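Undergrad: Here is my input, please return the structure:
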Amino acid sequence: MKRAITAVLIVSSLAVTAQREDVGSFTSLLDRFQSPSGNILCEVHAFEDESTPRISSLTCTISQSNAKLPPKTINCEVGYFHMMARGKAIGDCTSANNFDPAIPVLPYGKVWQVGGFRCDATTVRVRCVNLDKHGFELSRARQILF
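TA: Numbering: from 1, shown residues only. As a prediction, the model looks like this:
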């Protein structure tokens with residue numbers, strides 16, 4: 001019985017390895033949260049392949065804003081803010097809207113940390129920073145990159 005289980009595990013791991021090699025670099029969702037208002041959604045993804053170590057990125061979108069969003073593009077629906085675990089953050093605009101009420105909520109006053117990122121939520125804003133202390137602050141009133 002132990003040999004059969006071991007064989008299944010080896011075959012399974014080979015299948016995963018082969019699939020990973022066929023795909024090359026891949027993306028996996030590590031974690032995500034939304035603000036209590038449901039207006040801001042943040043997701044951390046990991047990217048890696050055989051030649052590079054795991055690299056994390058954080059993307060936050062804001063669906064409703066009274067402030068001018070980053071440069072408008074055709075079909076712009078939400079503000080899009082992105083950063084890697086190191087380096088500066090960028091802002092943009094996208095038509096993608098991944099909001100889902102089933103996504104876990106980051107309660108006001110709490111901190112969320114994963115993949116080299118730290119975010120906290122207050123009743124006024126969500127603020128996220130990376131390992132280099134770059135990041136963004138998002139609210140209905142304004143979006144700040146730093």
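Undergrad: ok, the closest residue to Pro36 other than its chain neighbours to Phe47 distance?
TA: Leaving aside its chain neighbours, Pro36 sits nearest to Val105 (5.4 Å; criterion: C-beta to C-beta, 6 or more residues apart in numbering). All C-beta spots, glycine's among them, are computed from the backbone N, C-alpha and C. From Val105 over to Phe47 the distance is 26 Å, taken as C-beta to C-beta, to the nearest Å.
Undergrad: do the same with Cys119
TA: 19 Å.
Undergrad: so how far is Gly79 from the residue nearest to Pro36?
TA: From Val105 to Gly79 the distance is 19 Å (C-beta to C-beta).
Undergrad: Show me what stretch 135-146 is in contact with.
TA: Stretch 135-146 is contacted from outside by 39-40, 60, 62, 64-67, 69-70, 79, 81, 83, 88-91, 124-129, 134, using C-beta atoms under 8 Å, 6 or more residues apart in numbering.
Undergrad: same thing but 7 Å
TA: If you take C-beta atoms under 7 Å, 6 or more residues apart in numbering as the criterion, stretch 135-146 is touched by 39-40, 60, 62, 64-67, 79, 81, 83, 89, 91, 124-129, 134.
Undergrad: now swap in stretch 100-110 and tell me
TA: Outside stretch 100-110, the residues touching it (C-beta under 7 Å, 6+ apart) are 32-36, 38, 41, 112, 119-123.
Undergrad: Put the buried members of these into a PyMOL selection.
TA: Here is the PyMOL selection string for the buried members of the contacts of stretch 100-110, based on 16 or more other C-beta atoms under 10 Å:
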select buried, resi 32+33+34+35+41+112+119+120+121
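Undergrad: can you put the contacts of stretch 100-110 in CSV and add distance to Phe146, secondary structure and pLDDT?
TA: Formatted as CSV, these follow (distance: C-beta to C-beta, whole Å; DSSP: H, G, I helix; E, B strand; the rest coil; pLDDT from 0 to 100):
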residue, distance to Phe146, secondary structure, pLDDT
Arg32, 22, strand, 90
Phe33, 21, strand, 94
Gln34, 22, strand, 94
Ser35, 19, coil, 94
Pro36, 23, coil, 93
Gly38, 25, coil, 91
Leu41, 20, strand, 93
Trp112, 18, strand, 94
Cys119, 14, strand, 97
Asp120, 15, strand, 96
Ala121, 17, strand, 95
Thr122, 16, coil, 96
Thr123, 21, coil, 95
